[in-house]
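# Below are the sequence and a predicted model; questions follow.
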Amino acid sequence: MSKEGVKVRILDRDFTIACGPGEKAAVESAAQYLNAQIKVVQDQSKVIGIEHTVVLAALNMANELISDQPMEVDEVVINRVRGLRQRIAAAISED
């Protein structure tokens, strides 16, 4: 299977992502969604570090995914993700 590179822009930085044939649009869409979620976290919080911002955005996206499929995910996992989000948000607000 051959791979192709698709250029995406996240947080004003360019990245080249390898993807399979026909996956370019999906990768571009995913990158746009990730970038939008990161900007939401930046706008809503006092987060200074980019690492914390990206982790919060990733946790928000994971929570969305889990919330969309509650029957397929163990309730313990859902509660754990929610707890981690709260702990990270609290730790960041202390900075």
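That came through, no problem.
# Check the spacing between the residue nearest the centre of the chain and residue 78 real quick.
In the chain, the residue lying closest to the centroid (Cα atoms, centre = their mean) is residue 58, at 2.9 Å. Separation of residue 58 from residue 78 (Cβ to Cβ, to the nearest Å) stands at 16 Å. All C-beta spots, glycine's among them, are computed from the backbone N, C-alpha and C.
# Likewise for residue 21?
35 Å.
# And residue 91, by the same measure?
Relative to residue 78, residue 91 is positioned 21 Å away (Cβ to Cβ).
# more neighbours, the two?
Using other Cβ atoms under 10 Å as the criterion, residue 91 and residue 78 rank with residue 78 on top: 16 against 10.
# And the helix or strand harbouring that one, what's buried?
Per DSSP states H and E: residue 78 is located in helix 75-94. For helix 75-94, a neighbour-count test (16 or more other Cβ atoms under 10 Å) marks 78, 81, 85, 89, 92 as buried.
# Out of those, which is nearest to residue 44?
Nearest to residue 44 among the buried residues of helix 75-94 is residue 89, at 10.0 Å by Cβ to Cβ.
# shouldn't that closest one be in contact with residue 59?
No. Contact between residue 89 and residue 59 fails when scored by Cβ atoms under 8 Å: they sit 9.1 Å apart.
# what does the lowest-mean-pLDDT helix or strand in the chain contact?
Lowest by mean pLDDT, DSSP states H and E among the helices and strands of the chain is helix 75-94, with a mean of 78. The contact list for helix 75-94 (Cβ atoms under 8 Å, 6 or more residues apart in numbering) reads 45-47, 52, 55-56, 59-60, 62-63, 66-67, 70.
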